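**Student:** Build me a model from this:
(2 chains)
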Amino acid sequence: MIRFENVSKRFVTPGRGDVWALRDVSLFCPPEELTCVLGPSGCGKTTLLRIAAGLETPTGGEAFVDGRAVSGPPGSIGLVSQEGDLLPWRRVVSNVALGLEIAGLGRAARERQALEAIRNLHLPPEIARSLPHELSGGMRQRVALARALCPNPRVLLLDEPFSRLDDFTRSSLQGELLELWLADRRTALFVTHSIEEAVFMADRIVVMTFGRVIRTVPVTLPRPRDRLSDAFVKVLLDVRRALAEHDRAAGPGDRLR
Amino acid sequence: MKGGGVVIRVALGAIVPAAVLVVWHFASVGSVVVPSIAAVLDVLAHPLREPPNLDATSLADGAVASIVRVALGFALAVATAVPVGLLMGRCRLVTDALAPVIAAAMVISPIAWMPVAIITFGLASPATVLHGEAAWRHGLLDELRFAIVAVVWFGAFIPIVINTAAGAKGVRESHLEAARALGASRWQLLRKIILPGAGPAIMTGLRLGGGIAWRVIIVAEIFPGTRGGLGYMITTAHEQAAYEYAFASIAVICLIGLTLDGLLRLAEARVARWQPKER
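**Tutor:** Next up is the predicted model:
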């Protein structure tokens, strides 16, 4: 599980002065649940995820992963970013095996596990020896997912992992990720700016704007979810309404940053 | 150019060398100073022959002396410049401390340091360190005069340190974070992310440094007070007006230099093969 207690984050930027990316955010991501943090660009959702990953130190408050206060990357999390950030000099198999290599596992064992992770993500085995730049964007994100899952982390942090992909690749990857996630239901925090993606994936949606959580929406629809069903569209509209209401209520000063 | 293009390119590339050979041939006819092409080829064909009237060893000995000097100086440059460059690239304080010195050092020809190197190291070599008075018996070890090696080291150090620093600085933060999220230690970040990420830039530094080292060694050997090597052979051939030895030395310098550059280019391409080709 992941817990944020009154987390604030201020960035000092030259020229623009202080920018508060997060203001007093408290949030609980229960175990065995997939929590989506949803919001527009610049709402602080990525900063929140980076704090959980230990890549960013909060200005105030504290984050906890599995009950332990986060101070630096704990090494037991799987992280996937927007661009995957595969190491371009490593072949796919050794990219996937990176976490196991860092943990000190022997070459044969880590290659075996990496190949299994590659198979689990429905990647053709022959790409194991390819370099990242030889793959399509969708394949690269699959490899990034495989790399995050390979060391079997207790917590999965996903930062808009599919936002750079075309609609077709995105929806098939959403389905695949969900299938993998349902197999072991590790605590997951999924950051996205797509309402539809959040409704399709999440057990609960945390809506953020301007560094604050404005609404938490539990999604109880049974999986697999039908994007065209009335129930799905109703949740989608609920979330959209929450965002619109907040926008109306917010003063113009709040919007300009 | 495709297909027959290769032939055309080789032919185009041969124009200037052919013209040089023609001019050289006519210049040598009836000249007492300019050696004939045949005389130079004769020297090249007998690399082990001791030059009869010169205070120098054979062409092959000279080449070996120059090569081992460059090898040692270059190896020392790699061993020092890569760690310093990595530190500079990753640590602002180190950059601030060293950048002015390196900027100043960059504009000084390494050869300008020759007198400093000679008064610092004198005639010292691995042979004098190991064997003292009997150093002269240990030919090759004694050729590795520290003064000359130091100047080669200096010449190669600068491009390697600059390129390594740029490469280390250019390592993407997101790559470091991907490894940090997986629990990498500082040492693992250096080994698994920074070093390979900076690899192509380091190899560019090595190629440039190798080229400079090879150019520097020849001039260092021409410098008064030094002995041995291809540069020294040029000096002594000039003094005795035995120019066929000078010309032969230049040919060997060119051959070794091209080989060195080719090998370093291969290594560079190998290290950089993960980079997608620009189109």
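
**Student:** rest of the way, CA atoms for contacts and neighbours
**Tutor:** Noted.

**Student:** Report how many residues lie close to residue 232.
**Tutor:** Looking at chain A here, since you left the chain open. Using other CA atoms under 10 Å in any protein chain shown, residue A:232 has 17 neighbouring residues.

**Student:** wrong one, I was asking about chain B
**Tutor:** 27.

**Student:** my guess is it meets residue B:222, correct?
**Tutor:** Yes: the criterion here is CA atoms under 8 Å, and residue B:232 meets it with residue B:222 at 5.1 Å.

**Student:** if you average pLDDT over the helix or strand encompassing residue B:11, what comes out?
**Tutor:** Using DSSP states H and E, residue B:11 falls within helix B:5-28. Across helix B:5-28, the average pLDDT comes to 94.

**Student:** Show me what secondary structure element comes after it.
**Tutor:** Once helix B:5-28 ends, the next helix or strand along the chain (criterion: DSSP H and E) is helix B:37-45.

**Student:** tell me the contacts of the residue in chain A that chain B sits nearest to?
**Tutor:** Chain B sits closest to residue A:75 of chain A, with a gap of 3.8 Å, by CA to the nearest CA. Going by CA atoms under 8 Å, 6 or more residues apart in numbering or on different chains, residue A:75 touches B:180, B:181, B:182, B:183, B:184.

**Student:** SS state for it?
**Tutor:** Of the three states, residue A:75 takes coil under DSSP: H, G, I helix; E, B strand; the rest coil.

**Student:** and it, what pLDDT?
**Tutor:** 77.

**Student:** Skipping its backbone neighbours, what lies nearest it in space?
**Tutor:** Distance criterion CA to CA, 6 or more residues apart in numbering or on different chains; nearest residue to residue A:75, sequence neighbours excluded, is residue B:183 at 3.8 Å.

**Student:** Is it correct that the one you found falls within a strand?
**Tutor:** No: using three-state DSSP, the assignment for residue B:183 is coil, not a strand.

**Student:** Let me see the contact set for it.
**Tutor:** Listed by CA under 8 Å, 6+ apart, the contact set of residue B:183 reads A:73, A:74, A:75, A:76, A:99, A:102, A:103.

**Student:** for chain B, what are the low-confidence residue spans?
**Tutor:** The model of chain B has pLDDT under 70 over residues B:1-3, B:134-138, B:278-279.

**Student:** and it, which residues reach chain A?
**Tutor:** Within chain B, the positions near chain A by CA under 8 Å from any CA of the partner chain are B:174-175, B:177-184, B:188, B:193, B:196-197, B:274-276.

**Student:** And those, which of them are buried?
**Tutor:** With burial judged by 16 or more other CA atoms under 10 Å in any protein chain shown, the buried subset of the residues of chain B next to chain A is B:175, B:177-184, B:188, B:193, B:196-197, B:274.

**Student:** Rebuild these as TSV, extending it with secondary structure.
**Tutor:** Listed next are those as TSV, based on three-state DSSP:
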residue	secondary structure
B:175	helix
B:177	helix
B:178	helix
B:179	helix
B:180	helix
B:181	helix
B:182	coil
B:183	coil
B:184	coil
B:188	helix
B:193	helix
B:196	helix
B:197	helix
B:274	coil
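
**Student:** Check those against chain A and report the nearest one.
**Tutor:** For these, the nearest to chain A is residue B:183 (3.8 Å; CA to the nearest CA).

**Student:** Against chain A, how distant is residue B:227?
**Tutor:** As defined by CA to the nearest CA, to the nearest Å, residue B:227 lies at a distance of 45 Å from chain A.

**Student:** Ramachandran angles for that residue?
**Tutor:** Dihedral pair for residue B:227: phi -140, psi 150, per degrees, to the nearest 10.

**Student:** For burial, what's the neighbour tally of the closest residue to it other than its chain neighbours?
**Tutor:** In space, and not counting its chain neighbours, residue B:227 is closest to residue B:221: 6.5 Å by CA to CA, 6+ apart. Per other CA under 10 Å, the neighbour tally for residue B:221 reads 21.

**Student:** What helices and strands are in contact with the host helix or strand of residue B:221?
**Tutor:** According to DSSP H and E, residue B:221 maps onto helix B:195-222. On a contact count with 3 or more CA pairs under 8 Å, 6 or more residues apart in numbering or on different chains; DSSP states H and E, helix B:195-222 meets helix B:59-90, helix B:146-169, helix B:229-239, helix B:243-271.

**Student:** quick one: secondary structure of residue A:238?
**Tutor:** With three-state DSSP as the basis, residue A:238 sits in helix.

**Student:** What distance do you get for the residue lying closest to residue B:142 once chain neighbours are set aside to chain A?
**Tutor:** Distance criterion CA to CA, 6+ apart; nearest residue to residue B:142, sequence neighbours excluded, is residue B:127 at 4.9 Å. Going from residue B:127 to chain A by CA to the nearest CA gives 43 Å.

**Student:** Now do stretch A:4-12, average pLDDT.
**Tutor:** Mean predicted lDDT for stretch A:4-12 stands at 94.
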